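Peer 1: Dropping a prediction and its sequence here:
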Amino acid sequence: MGKYVIKRILYMVFVFFVMSILLFFLYNMIPSDPARAELEPMKAKLKVEEYNKRYKDLRKQYGLDDPMIVRYGKWLGRLLQGDLGDSRVYKDKVVNVVQEPLKLTIFINIFAIIIGLGITIPLGIACAVKKNSVFDQVTQVLTVIGYSIPVFITALLFIYVFSVKLQWFPVSGMRTAGKNYTGIKDTVDIFKHIALPLIIMTVGSLGGMTRYVRAAMDDALSMDYIKTARAKGLKEKAVIYSHAWRNALLPVVTLIVGWFMSIFSGSLIIESMFNLNGMGKFYIDALNKKDYDLALAIQLFYIIITLIGNLVTDLTYGLVDPRVRVEN
């Protein structure tokens, strides 16, 4: 196990290194001139000589005149020291800029995932146990509808019902405009604003996950060892949860771990529709504003999360099913 983990970590380092090269060259080959973009608002106030001097100084400061491989070496050196670069739009370190969007994204997604798993796992198991019953058929119809409807359609429907008609929740934002609440009132105000996006994200995830759990559980219940367990007189709960669910969890674990890894990426559609400054919307804004150092740092962060998620998935297999062992 130890050797396997070390080999996987070395593999992760290699993949990260290769991806850093590809992404750095890709972002830096996009036609743009950060030095000129920074000076453009002051162009009318500067003389030609002063403008040209400042332009040359900025290019030297940003290392834009260096060969690409030299720029990559300098960038990688700073990256290994924990310096993700500077945001040219926000005029601050990338580490400082991404803190608030990351906190918001993690906060919302953790709640959505916990609630989603709390609903979909019991529901999927119940559907598999009561296969072809009225309950199963109704649930299957609802999950197909939920899985088929795009999340933005669900969001528009929920906004119309709960925000426009019932006026239970605000339409957008994180806080009430013009109000400076503190303490408990501020917390309640924030929860009131994120409640509807949270509900929509949870509802949007129910269809696919429920069907996946049902399929895995249905396959496990059809196995011969389940018939043997029942023939031995084991209680039905023991058959379902100790035998069938333990084996059904193996194909489901990939989806669950991937779902948990998604808490860091954010939801672009939901964040855009509700004007929430999470990681998804933040990343797209960085691209639109040509803040490529910030966009590159976010992209590399996603790569690290994906690599860690794959490792966690492989290690979890061995914990879920003793028959699965990761070897050298």
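Peer 2: Perfect, thanks for sending it.
Peer 1: So for F158, what pLDDT did the model give?
Peer 2: Note for F158: predicted pLDDT of 90.
Peer 1: Ignore what I typed, I meant A295.
Peer 2: 88.
Peer 1: ok, and the closest non-adjacent residue to it?
Peer 2: The shortest distance from A295 to any non-neighbouring residue, by CB to CB, 6 or more residues apart in numbering, is to A286 (4.1 Å). Glycine gets a C-beta too; all of them are placed from N, C-alpha and C.
Peer 1: and the next element down the chain from the helix or strand hosting the one you found?
Peer 2: Assigned by DSSP states H and E, A286 belongs to helix 279-288. Following helix 279-288 in sequence order, the next helix or strand is helix 292-320 (DSSP H and E).
Peer 1: Who are the packing partners of that following helix?
Peer 2: Under the contact criterion of 3 or more CB pairs under 8 Å, 6 or more residues apart in numbering; DSSP states H and E, helix 292-320 touches helix 2-28, strand 86-87, helix 94-97, helix 245-261, helix 279-288.
Peer 1: out of those, which comes closest to I106?
Peer 2: helix 279-288 (8.6 Å; CB to CB).
Peer 1: could you give the mean pLDDT of that closest one?
Peer 2: 84.
Peer 1: residues in contact with it?
Peer 2: 87, 89, 98, 101-102, 105, 264-268, 271-272, 292, 294-295, 298-299 (CB atoms under 8 Å, 6 or more residues apart in numbering).
Peer 1: Check which residues of stretch 23-43 are buried.
Peer 2: With burial defined by 16 or more other CB atoms under 10 Å, the residues of stretch 23-43 counted as buried are L23, F24, Y27, N28, P34, A35, E38, L39.
Peer 1: for stretch 202-218, that is, sorry about that
Peer 2: Buried-residue list, stretch 202-218, by 16+ other CB under 10 Å: 202-207, 209-218.
Peer 1: One more: stretch 66-81?
Peer 2: For stretch 66-81, by 16+ other CB under 10 Å, it's R71, Y72, W75, L79.
Peer 1: Distance from that stretch to the middle of the chain?
Peer 2: 28 Å (CA atoms, centre = their mean, to the nearest Å).
Peer 1: Output that stretch in PDB with nothing but the alpha carbons.
Peer 2: Backbone C-alpha positions of stretch 66-81 (Å, rounded to 0.1, in the frame of the first residue of the first chain) are rendered in PDB as follows:
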ATOM      1  CA  ASP A  66      12.100  37.100 -21.900                       C
ATOM      2  CA  PRO A  67      11.900  33.900 -24.000                       C
ATOM      3  CA  MET A  68       8.900  31.800 -23.100                       C
ATOM      4  CA  ILE A  69      11.000  29.000 -21.500                       C
ATOM      5  CA  VAL A  70      12.700  31.600 -19.200                       C
ATOM      6  CA  ARG A  71       9.300  33.000 -18.200                       C
ATOM      7  CA  TYR A  72       8.100  29.500 -17.400                       C
ATOM      8  CA  GLY A  73      11.200  28.800 -15.300                       C
ATOM      9  CA  LYS A  74      10.700  32.000 -13.300                       C
ATOM     10  CA  TRP A  75       7.000  31.300 -12.900                       C
ATOM     11  CA  LEU A  76       7.600  27.700 -11.800                       C
ATOM     12  CA  GLY A  77      10.200  28.800  -9.300                       C
ATOM     13  CA  ARG A  78       7.700  31.200  -7.700                       C
ATOM     14  CA  LEU A  79       5.000  28.600  -7.800                       C
ATOM     15  CA  LEU A  80       7.100  26.100  -5.800                       C
ATOM     16  CA  GLN A  81       7.600  28.700  -3.200                       C
END
